[in-house]
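S.K.: this one's structure only:
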């Protein structure tokens, strides 16, 4: 009887392990998965504000003020690639209503400026430069328009749709469409009732692959601040019922953390500027964020499971300033040097559950391979390194195709006699960069104490960073 019972248990275990792995709860679309892998890309704020020294234009500026003397979108793209950015999002139209393309639905555009005798098109120039260099592009089209005479009337929604159609049908594919909820008065003193449902349906009709950013997505959400910081607890899930873009958006702490049991997959994007302002101001040349500060922001945005959207505004020549460029290159060098030597690369892994053969998938740095625990609670992974190392950073990644599952985990370092707790965390998501005081050890134990379903991990790695970087 005992032999039969053991046989039944073994057969049941094999059957359970043989079940096909299916997503748990909300999970990302193909386009959202591609967005997750970008990690870091640039924002470009450029327009009349660059030349008037304003942050929010009034909409009554003379278009002739827009006149960059050495406009070079190829230079923007070179700087982005040198920084390791995976794309550029352009403010094609900000709140002042000035269009960086010669729109047929506005008289406040590059066509009315002195730049290139009114024959220029910034959107086309950047689109061409991105295509040539293999860099992806997105657009910001502010619904608020402080210039258009029809703003504040039902007819303006048709105007906005027409301008959006120009951008989404004439310049190639974009990876992201960026909306904020800003809604002030137009030149007639009225506010607009935006028809976002219609805007969204039309955008997807013209470019189905778009990932749309706003307070409530549907593709990506604002992280709740403009400091470039995602919360240490960061769920890719959000409930949107009853909320709107702008006023009426979810509370900022909800946007920062997401909802643990949210209905929709709407991950967080952390936006921040390399300068105090979003547009270029000469007096801020001495206030450009250092490579170290940018690296710190990376650790607290990408390192907390989100993406980093870093604004780098071109100056009045129409080029990215050398000060900003130098900082971006330094930022890339810091990232590369920090994550060059993975102490777990040749380590022996031991787990208290799950398939032992696929454990090797955790250290192969292949985003298509993964390991599945056989238990939902208290999954243990022990990393036996070839020799003792000074270590202060562990990177963990979930396989998001199957949902976000991990709710709590710990990291422990073996001191020769016992394990010492060095880190306690909550969510993992796309990537969690867990930092702790440096410790010398040859053995690390990772314990996933709570999960919504059996954890599915695709990567673990260990590093020593030259300094522990704290939350800004």
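M.R.: Yep, that arrived. In this text, all values refer to a predicted model and were calculated from it rather than measured experimentally.

S.K.: In the stretch 351-472 of the chain, mark out all the strands, start to finish.
M.R.: 371-372, 379-398, 406-414, 419-425, 432-451, 456-463 (DSSP state E, counting those that start in this stretch).

S.K.: what separates the fifth one from the chain centre, distance-wise?
M.R.: Yep, that's strand 432-451 we're talking about. 25 Å (CA atoms, centre = their mean, to the nearest Å).

S.K.: sorry, back to before: so for residue 263, which of the strands of the stretch 351-472 of the chain sits nearest?
M.R.: Among the strands of the stretch 351-472 of the chain, strand 406-414 comes nearest to residue 263, with 17.5 Å by CB to CB. For glycine as for every other residue, the C-beta is placed from the backbone atoms N, C-alpha and C.

S.K.: could you show me where the helices are in the protein, in order?
M.R.: Counting by DSSP state H, one finds helices in the chain at the ranges 2-18, 30-38, 48-52, 73-82, 122-133, 154-170, 196-206, 252-257, 291-299, 322-338.

S.K.: thinking again about what came up before, quick check: which of the strands of the stretch 351-472 of the chain is nearest to residue 165?
M.R.: Nearest of the strands of the stretch 351-472 of the chain to residue 165, taken as CB to CB: strand 379-398 at 37.8 Å.

S.K.: What residues sit buried inside that closest one?
M.R.: Neighbour-count burial for strand 379-398 flags 379-383, 385, 389, 391-398 (criterion: 16 or more other CB atoms under 10 Å).

S.K.: now for that strand, which elements pack on it?
M.R.: Helices and strands touching strand 379-398, by 3 or more CB pairs under 8 Å, 6 or more residues apart in numbering; DSSP states H and E, are strand 348-351, strand 406-414, strand 432-451, strand 456-463.

S.K.: most tightly surrounded among those strands?
M.R.: Using mean count of other CB atoms under 10 Å, the stretch among the helices and strands packed on strand 379-398 with the largest mean neighbour count is strand 456-463, at a mean of 22.

S.K.: so what strands line up beside that one?
M.R.: Paired strands of strand 456-463, with direction, are strand 371-372 (antiparallel), strand 379-398 (antiparallel) (DSSP bridges).

S.K.: Out of the ones you listed, the one nearest residue 216 is which?
M.R.: When those are compared (using CB to CB), the closest one is strand 379-398, at 23.6 Å.

S.K.: still on that earlier bit, mind putting the helices of the chain in CSV, distance to residue 306 and mean pLDDT included?
M.R.: Shown next, in CSV, are the helices of the chain (distance: least, CB to CB, whole Å; pLDDT from 0 to 100):
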stretch, distance to residue 306, mean pLDDT
helix 2-18, 33, 40
helix 30-38, 9, 98
helix 48-52, 27, 98
helix 73-82, 19, 98
helix 122-133, 23, 98
helix 154-170, 25, 98
helix 196-206, 22, 97
helix 252-257, 10, 98
helix 291-299, 11, 97
helix 322-338, 16, 97
